[in-house]
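Chemist: only the shape, not the letters, is given here:
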């Protein structure tokens, strides 16, 4: 019984590392080998279509995108683009996981 209580208590104090990164709504979705990082921030929509901003540390331009969380794809919103598949293991996949959760 004590072991079960210990597991319960320890599982309630674990902080999700992704949530710990957000101080102003932006989440770091990943960095390349040069240290340039990409960030993502939800801005609207309702599941499965979530609108979000993405920005990288190379040019600091905020881009507006839309995620299709059901079909695991994304597109540019301004201007509206065609749907693109999310590539496994990419920073784009990490973005999709953040905005679709």
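Modeler: In hand now; what should we look at? Quick caveat: nothing in here was measured; it's all calculated off a predicted structure.
Chemist: who are the packing partners of the longest strand seen in the chain?
Modeler: Using DSSP state E to define each element, the chain has its longest strand at strand 37-46. In terms of contacts (3 or more Cβ pairs under 8 Å, 6 or more residues apart in numbering; DSSP states H and E), strand 37-46 is packed against strand 27-31, strand 49-56, helix 91-100. Every residue, glycine included, has its C-beta placed from N, CA and C.
Chemist: in CSV, list those along with distance to residue 40.
Modeler: Output for those, formatted as CSV (distance: least, Cβ to Cβ, whole Å):
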stretch, distance to residue 40
strand 27-31, 5
strand 49-56, 5
helix 91-100, 5
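Chemist: so which of the ones you listed is the most surrounded?
Modeler: Stretch with highest mean neighbour count among the helices and strands packed on strand 37-46: helix 91-100 (a mean of 20; mean count of other Cβ atoms under 10 Å).
Chemist: how far is it from where the chain is centred?
Modeler: 4 Å (Cα atoms, centre = their mean, to the nearest Å).
Chemist: same check, this time on stretch 50-65
Modeler: Distance, centroid of stretch 50-65 to centroid of chain: 11 Å (Cα atoms, centre = their mean).
Chemist: give me the residue at the spatial middle of the chain.
Modeler: residue 98 (2.5 Å; Cα atoms, centre = their mean).
Chemist: so what's it closest to, chain neighbours aside?
Modeler: residue 27 (5.0 Å; Cβ to Cβ, 6 or more residues apart in numbering).
Chemist: got the contact list for the residue nearest to the centre of the chain?
Modeler: 18, 27, 29, 40, 42 (Cβ atoms under 8 Å, 6 or more residues apart in numbering).
Chemist: and the fourth one, how many neighbours?
Modeler: The burial count assigned to residue 40 is 26, neighbours taken as other Cβ atoms under 10 Å.
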